[in-house]
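In: Sequence first, predicted coordinates after that:
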Amino acid sequence: MTIDDLRRILAECAGEDENGDLGGDILDRPFADLGYDSLALMETAARITREFGVTIADDDVIGLSTPRELLDLVAAAAPATPH
């Protein structure tokens, strides 16, 4: 999953009128500063599970602060791809 994938999913989960500022470098900006609360992050995690087949525990989602942390969590949880 790339930052662009995450940006798209975050925008879709927040809705057209409500999405925060997702332009520029968002990797280390707190989700709260981007306008995302725990409910939006739970929806984001559910969408990631559906699209990428990566299961993210609710407790893990609640502890996330930034998009970089979410991408790292997804990368760690993703099944290894054969070379």
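Out: Cool, the structure landed. Residues are numbered from 1 along each chain as shown.

In: what comes up buried for the longest helix anywhere in the chain?
Out: Scanning the chain for the helix with the most residues, using DSSP state H, yields helix 38-52. If you call a residue buried by 16 or more other C-beta atoms under 10 Å, then helix 38-52 has these buried ones: 40, 41, 43, 44, 45, 47, 48, 52. Every C-beta, even on glycine, is put in place using the N, C-alpha and C of the backbone.

In: Need the per-residue pLDDT for the fourth one.
Out: We note a pLDDT of 93 for residue 44 in this prediction.

In: is it true that it touches residue 11?
Out: No - taking contacts as C-beta atoms under 8 Å, residue 44 lies outside contact range of residue 11: 10.1 Å.

In: next structured bit after the strand or helix carrying residue 9?
Out: Per DSSP states H and E, residue 9 falls inside helix 3-14. Counting by DSSP H and E, the next helix or strand C-terminal to helix 3-14 is helix 31-34.

In: in that next one, what counts as buried?
Out: Under 16+ other C-beta under 10 Å, the buried positions of helix 31-34 are 31, 34.

In: outside of that helix, which residues touch it?
Out: Residues from elsewhere that reach helix 31-34, judged by C-beta atoms under 8 Å, 6 or more residues apart in numbering: 10, 20, 21, 22, 26, 37, 40, 41, 64, 65, 66, 67.

In: May I have the residues that are in contact with residue 37?
Out: residue 31.

In: Could you list the low-pLDDT ranges of this structure?
Out: Along the chain, segments meeting pLDDT under 70 span 15-21, 23, 80-83.

In: Residue 51 and residue 5: what is the separation?
Out: Residue 51 sits at a distance of 8 Å from residue 5 (criterion: C-beta to C-beta, to the nearest Å).

In: Now residue 26. Its backbone dihedrals?
Out: Here is the backbone geometry of residue 26 (degrees, to the nearest 10): phi -100, psi 0.

In: Output the buried residues of helix 38-52 as a markdown table; include the columns distance to residue 73.
Out: Shown next, in a markdown table, are the buried residues of helix 38-52 (distance: C-beta to C-beta, whole Å):
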| residue | distance to residue 73 |
| --- | --- |
| 40 | 16 |
| 41 | 11 |
| 43 | 16 |
| 44 | 11 |
| 45 | 9 |
| 47 | 14 |
| 48 | 9 |
| 52 | 12 |
